[in-house]
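J.: sharing a model that was predicted from the sequence below.
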Amino acid sequence: MNIRLLIEYDGASFCGWQRQSNGPSIQAEIERVIERVTGRAIPIQGAGRTDAGVHARGQVASFIVDSNIAAHRWSHVLNDHLPRTIRIVKSDEVAQNFHPQKHAVAKEYEYLILNRPVAGALNPRVYFVPRPINWARVGEALPQFLGEHDFKAFQGARATVLNTVRTISSFTLVQRGDGYYAFRVVGNGFLKQQVRAMAGTLVEIGLGKRDIGDIERILRSKDRKQAGHTAPGCGLTLIRVYYPGE
C-alpha cells in the first residue's frame, strides 16, 4: 500500500522536516516509528522541506509498506509512538504512483507576527516586533508579489535551485486582534526561505525602512542582498498542500 499522511508538527525543537546529521528532524522521527512498527527501514517522501523552527498544520508525506495494518489505522499506530510535537492527523491509501511533492500544484503558508510593546506569554510561535508597524502600508505592498516573478532575490543565500520563477496566486493580511497579524500566501511553489524573506521585507516597509515601490526593484535585481531580512522561522507554518482537483 501507498500510505499518505497528513501531518501537524511544532518545529521549534527540530532542525527541519528533512533528515539531517546535525539534529532531530520530523522525517527521521516518523521513519524511526515506522521501523519500530514494521521491523524494516522504510523511507517516507514529504511534500516539501520546512526549515529549522518552522511548523506545519498540513504537511503531506507518503510511504510504501506491505502490512496488515489498515490505511486509516496508521495515524493511530504512529501517534502512539511519536513525540507529542508531531501528530498524524489522518492517514489513507492512495495510488501507487502518488508522490506528495511531484503531484502538488500549490502550497499555502501563514506567517504570524505579534506587533505590540509586550511579548506574548502563551504563543511563542510568532515573530515578535515591538516597534509600531504601519500595516496599511504593508497591505498596499502585497499586490506587488502577485503573479509570476523570478524570486531569486528572496531565495536563501545557500540555496541551489536553478529555476527561481514562481507564481503567487494569493497574498493577504489578516488581523487577529491584540497585536497579532498574519500573512497568508498561496503559490505553485516556494524557494528556500522565500516566505520568510518576503515577510522580513514587508516588516521593513511597515517600519518605514523601505518604500512600497522597492519590491519591484528588488525582484528585478535578482540579488538577495537587495531584499529585507529573513524573518525567523518560528512565525512560519505550512497550512496546506493542494493537489489536482482540490
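T.: Received, thanks.
J.: now the lengthiest strand in the chain: average pLDDT?
T.: Secondary structure of the chain per DSSP state E: the longest strand is strand 165-177. Strand 165-177 shows a mean pLDDT of 96.
J.: partner strands of it and their direction?
T.: Strand pairing for strand 165-177, using DSSP bridges, gives strand 147-150 (antiparallel), strand 180-187 (antiparallel).
J.: can I get that strand in PDB, CA atoms only?
T.: Coordinates of each C-alpha in strand 165-177 appear next as PDB, following Å, rounded to 0.1, in the frame of the first residue of the first chain:
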ATOM      1  CA  VAL A 165      10.500  31.600 -11.200                       C
ATOM      2  CA  ARG A 166       7.300  31.000  -9.100                       C
ATOM      3  CA  THR A 167       3.700  32.200  -9.200                       C
ATOM      4  CA  ILE A 168       1.900  33.600  -6.200                       C
ATOM      5  CA  SER A 169      -1.900  33.500  -6.600                       C
ATOM      6  CA  SER A 170      -3.000  34.900  -3.300                       C
ATOM      7  CA  PHE A 171      -1.300  37.100  -0.700                       C
ATOM      8  CA  THR A 172      -3.400  38.500   2.100                       C
ATOM      9  CA  LEU A 173      -3.000  40.200   5.500                       C
ATOM     10  CA  VAL A 174      -5.400  39.300   8.400                       C
ATOM     11  CA  GLN A 175      -5.600  41.000  11.800                       C
ATOM     12  CA  ARG A 176      -6.200  38.600  14.600                       C
ATOM     13  CA  GLY A 177      -6.600  41.200  17.400                       C
END
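J.: now it: buried residues?
T.: Residues of strand 165-177 classed as buried by neighbour count (16 or more other Cβ atoms under 10 Å): Arg166, Ile168, Phe171, Leu173. The C-beta positions use only the backbone N, C-alpha and C, and glycine is treated the same way.
J.: now do that strand: distance to the chain's middle.
T.: 13 Å (Cα atoms, centre = their mean, to the nearest Å).
J.: identify the residues contacting that strand?
T.: When contacts are defined by Cβ atoms under 8 Å, 6 or more residues apart in numbering, strand 165-177 is touched by residues 106, 112, 135, 138-139, 142-143, 145-151, 181-191, 194.
J.: try 7 Å this time
T.: 135, 138-139, 142, 145-148, 150-151, 181-191 (Cβ atoms under 7 Å, 6 or more residues apart in numbering).
J.: where's the residue with the largest distance to the centre of the chain relative to Gly139, distance?
T.: Here the centre of the chain is the reference, and by Cα atoms, centre = their mean the most remote residue is Asn68, at 33.1 Å. The gap separating Asn68 from Gly139 is 54 Å, by Cβ to Cβ, to the nearest Å.
J.: one more: Gln59?
T.: For Gln59, the distance to Gly139 (Cβ to Cβ) stands at 29 Å.
J.: more crowded one of the two?
T.: Gln59 (30 against 16; other Cβ atoms under 10 Å).
J.: dig out what that one forms beta bridges with.
T.: Following DSSP bridges, Gln59 is listed with bridge partners Ile7.
J.: ranges for the helices of this structure?
T.: In the chain, the helices defined using DSSP state H lie at 26-38, 74-79, 135-141, 194-206, 214-221.
J.: which other residues reach the last one?
T.: When contacts are taken as Cβ under 7 Å, 6+ apart, the neighbours of helix 214-221 outside the stretch itself are Ala141, Gln144, Phe145, His149, Asp150, Ala153, Thr201, Gln226, Ala227.
J.: please apply the same query to the fourth one.
T.: Contacts of helix 194-206 from elsewhere in the structure, counted by Cβ under 7 Å, 6+ apart, are 109, 111, 129, 133-135, 137-138, 141, 145, 151, 154-155, 183, 185, 210, 212, 215, 227-231, 233, 236.
J.: got the angle for that helix vs strand 180-187?
T.: Helix 194-206 runs at 130 degrees relative to strand 180-187, counting by axes from the mean of the first three to the mean of the last three Cα atoms, to 10 degrees.
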